[in-house]
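Chemist: Provide a 3D model corresponding to the input given below.
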Amino acid sequence: MEMVTLRLSRFGTKQKPFYRVVAIDRDTPRDGKCLENLGTFDPRVREHAVVWKEERIRHWLSRGAQPSPTVKNLLKKYYKGGVS
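Modeler: Numbering: from 1, shown residues only. Model prediction:
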C-alpha cells in the first residue's frame, strides 16, 4: 500500500503563489501528479481564502493519509471538523 500525504502543490506565477491541497504519494515531487485535488489555499488574500472538499479530506484521513505540517496547521485553523 502506498503512503499518502496531504500537502500543498504550488501554482500561479512568480510573486503570485496559489496552492492546491492534494492527496499525493509520499515519494512524488511537490508539483508531481496527485491522486486527488482536495481544495485550494490562496495566501495573498487577507482572509487566506481556503476552500475544502470536507468529505474527501475525511476519506483520506480515515485511510491513514498523513497531512504535512503546513496542511495540518491549515486544517486546525480553517477546517470545521478539526484534525486529529
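Chemist: Just the C-alphas of the helix or strand of the chain with the lowest mean pLDDT, formatted as PDB.
Modeler: Ranked by mean pLDDT, DSSP states H and E, the weakest helix or strand in the chain is strand 49-52, scoring a mean of 83. The C-alpha coordinates for strand 49-52 follow below in PDB (Å, rounded to 0.1, in the frame of the first residue of the first chain):
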ATOM      1  CA  ALA A  49      -9.100  32.100   1.100                       C
ATOM      2  CA  VAL A  50      -9.300  28.300   1.900                       C
ATOM      3  CA  VAL A  51     -11.800  26.000   0.200                       C
ATOM      4  CA  TRP A  52     -12.100  22.300   1.200                       C
END
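Chemist: Flag every buried residue along the following helix or strand past it.
Modeler: Going down the chain from strand 49-52, the next helix or strand is helix 54-62, by DSSP states H and E. Under the neighbour-count criterion of 16 or more other C-beta atoms under 10 Å, helix 54-62 has 57, 60-61 buried. Glycine gets a C-beta too; all of them are placed from N, C-alpha and C.
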